[in-house]
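Colleague: Only the shape, not the letters, is given here:
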């Protein structure tokens, strides 16, 4: 029986791969107007079917609550009327972006008269594997479409009803614009064998895999994938508060970075404070976090000053809580902050709160995370906030795409060389 199930899944995934590859070619040459009409139709369909989407989400939420998952997980899974408006708005923002396909990135002339252009092209077929966040279904589908790519979406089992309801709206938008309905496909089974099939590349059908989820998912993808991967590793984000920082600004940024939404990858997980301002800044910052409902895990040095805090262990410095929990330590200025971050960071997002330009320059120069911020919350680590209309994830690797993966990052390029009869001597 198990062999039969695997055979059925393999057959299903092979068909999905063939359909995606067949859709990729007409999608690659679709006009900007055609793609934008599809995106506008998708947004309209989502708004028109919001009640059906909310009903599907209610089923996912009931199942999740019954399984006893963390509150932060429930937050990531939850859709509301406002969040559905946001999903539709993000699709319209993507429609408003410049079409990247055919964009001339660079051009130059050679002494022999050849004119060379580097031009953006679609990647082809993208496989997106993600967990719990149903909005990724819309974001990934819309971004891949705008960049001229076909996409195969494999969402988490926890959000399957919500994601399928959203996906049906995306397909309706494709049909309305006369584009192939298989340009955006959603894997309709929750068996993990489907993920394995995608990681194999589906017989050459998939060009790139984008994982968006926890450490175990990303580790599996990086270990098993037979195609290139845009890795979205965990968001072990830090904020360093320098001795030159404005206290009121620091408090506002720190509380927002941790508590605005604790379950997003841009949520701060570790707070570092310059030891030189422990007497003035430490207590107010901790009090602000505790008042907002955050559990603070601190070093013995800090607990000697504020005894009622939870003791931090070494494991805390490498933990992405995705919850109202924070680890905190004092460091010896910017040098100590850089040393701590470079040791423990997942290379996602870090921020510095400081008025000293020399401190900011060292922070920006000596830390190599994908996103670095000065005097701003780490919660801005988001493609929408960067003006990209949305994102598939935050890539923490160093090849091709890094940081928010938007439409430009979902393209490759080719060279066009124009001559007038030149031959090589």
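Modeller: Alright, I've got the coordinates. Note that the coordinates shown come from a computational prediction; the quantities given were computed from them, not determined experimentally.

Colleague: what helices or strands is the biggest helix by length in the chain leaning on?
Modeller: Longest helix in the chain by number of residues, with DSSP state H as the criterion: helix 2-28. In terms of contacts (3 or more Cβ pairs under 8 Å, 6 or more residues apart in numbering; DSSP states H and E), helix 2-28 is packed against strand 115-122, strand 125-130, strand 150-154, strand 184-186, helix 193-199. Using the backbone N, CA and C atoms, a C-beta is placed for each residue, glycine as well.

Colleague: Ok, which of those comes nearest residue 39?
Modeller: Evaluated over the helices and strands packed on helix 2-28, closeness to residue 39 peaks at strand 184-186, with 11.0 Å, by Cβ to Cβ.

Colleague: The closest residue to residue 177 other than its chain neighbours - how many residues pack around it?
Modeller: Take residue 177 and drop its neighbours on the chain: the residue closest to it by Cβ to Cβ, 6 or more residues apart in numbering is residue 38, 3.6 Å away. Here the number of neighbours of residue 38 (other Cβ atoms under 10 Å) works out to 28.

Colleague: Could you do residue 373 as well?
Modeller: 23.

Colleague: Helix or strand: which one has it?
Modeller: Here residue 373 sits within strand 371-374, counting by DSSP states H and E.

Colleague: Okay, now the sheet partners of that strand, with direction.
Modeller: Strand pairing for strand 371-374, using DSSP bridges, gives strand 349-353 (parallel).

Colleague: Contacts made by the strand it pairs with with the rest, please.
Modeller: Contacts with strand 349-353, where a contact means Cβ atoms under 8 Å, 6 or more residues apart in numbering, come from 235, 237-242, 245-246, 249-250, 253-254, 257, 265-266, 268, 334, 337, 341, 359-360, 363, 367, 369-378, 381, 394.

Colleague: Next, the buried residues of that strand.
Modeller: Buried residues in strand 349-353, counting neighbours by 16 or more other Cβ atoms under 10 Å, are found at 349-353.

Colleague: cool, and stretch 362-374?
Modeller: 362-363, 367, 369-373.

Colleague: Assign a three-state SS to the residue nearest to residue 177, would you?
Modeller: At residue 38 the chain is in helix, as set by DSSP: H, G, I helix; E, B strand; the rest coil.

Colleague: And it, how far from residue 86?
Modeller: Residue 38 sits 20 Å away from residue 86, going by Cβ to Cβ, to the nearest Å.

Colleague: before we move on, what about residue 24?
Modeller: Residue 24 is 29 Å from residue 86, where distance means Cβ to Cβ.

Colleague: The two: which is more packed in?
Modeller: residue 24 (23 against 15).

Colleague: ok, that one - contacts?
Modeller: Contacts for residue 24 were tallied using Cβ under 8 Å, 6+ apart; they are 122, 124-125, 149-150, 183.

Colleague: Count the residues that sit near the residue lying closest to it once chain neighbours are set aside.
Modeller: Spatial nearest neighbour of residue 24, excluding adjacent residues (Cβ to Cβ, 6+ apart): residue 150 at 4.2 Å. Other residues within reach of residue 150, judged by other Cβ under 10 Å, total 31.

Colleague: same thing with the one 3 residues further on?
Modeller: Other residues lying near residue 153 total 24 when counted by other Cβ under 10 Å.

Colleague: go on, residue 423?
Modeller: Neighbour count for residue 423, taken as other Cβ under 10 Å: 6.

Colleague: Now do the helices in the stretch 301-425 of the chain.
Modeller: Taking DSSP state H, counting those that start in this stretch to define them, one finds helices in the stretch 301-425 of the chain at 333-344, 357-366.

Colleague: Point out where the protein drops to low pLDDT.
Modeller: The chain contains residues with pLDDT under 70 at 1-7, 233.

Colleague: Domain map for it?
Modeller: 2-232+392-417, 237-380 (automatic domain parsing).

Colleague: and the last one, how far from the chain's centre?
Modeller: What that stands for is domain 237-380. In terms of Cα atoms, centre = their mean, to the nearest Å, the centre of domain 237-380 is found 22 Å from the chain centre.

Colleague: swap in stretch 180-195?
Modeller: Its chain's C-alpha centre and that of stretch 180-195 lie 20 Å apart, by Cα atoms, centre = their mean.

Colleague: Need the residues that contact that stretch.
Modeller: In contact with stretch 180-195 (Cβ under 8 Å, 6+ apart) are residues 5-6, 9-10, 12-13, 16, 19-20, 22-24, 26-27, 129, 137, 141, 144-145, 150-155, 157, 160, 163-164, 167, 170-171, 174-175, 198, 220.

Colleague: Any of those residues buried? List them.
Modeller: 9-10, 12-13, 16, 19-20, 22-24, 27, 129, 137, 141, 144-145, 150-155, 160, 163-164, 167, 170-171, 174, 198, 220.

Colleague: The closest residue to residue 114 other than its chain neighbours: what's it in contact with?
Modeller: Of all residues not flanking residue 114 in the chain, residue 419 sits nearest, at 5.3 Å (Cβ to Cβ, 6+ apart). By Cβ under 8 Å, 6+ apart, the contact list for residue 419 reads 113-115.

Colleague: just those now: which is nearest residue 96?
Modeller: Nearest to residue 96, judged by Cβ to Cβ, of the contacts of residue 419 is residue 115 at 31.7 Å.

Colleague: Quick check: bridge partners of that closest one?
Modeller: On the basis of DSSP bridges, residue 115 is bridged to residue 109, residue 418.

Colleague: which residues sit against the helix or strand encompassing residue 175?
Modeller: Element membership for residue 175, per DSSP H and E: helix 160-176. Here helix 160-176 makes contact (Cβ under 8 Å, 6+ apart) with 37-46, 48-49, 52-53, 55-57, 59-60, 77, 79, 87, 134-135, 137-138, 141-142, 145, 153, 155, 180-181, 183-184, 186, 188, 190.

Colleague: Buried ones among those?
Modeller: For the contacts of helix 160-176, buried by 16+ other Cβ under 10 Å: 37-46, 49, 53, 56-57, 60, 77, 79, 87, 134-135, 137-138, 141-142, 145, 153, 155, 180, 183-184, 186.

Colleague: Could you export the domains of the chain to a markdown table, including columns for distance to residue 386?
Modeller: What follows is the domains of the chain, written out as a markdown table (distance: least, Cβ to Cβ, whole Å):
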| stretch | distance to residue 386 |
| --- | --- |
| domain 2-232+392-417 | 5 |
| domain 237-380 | 8 |
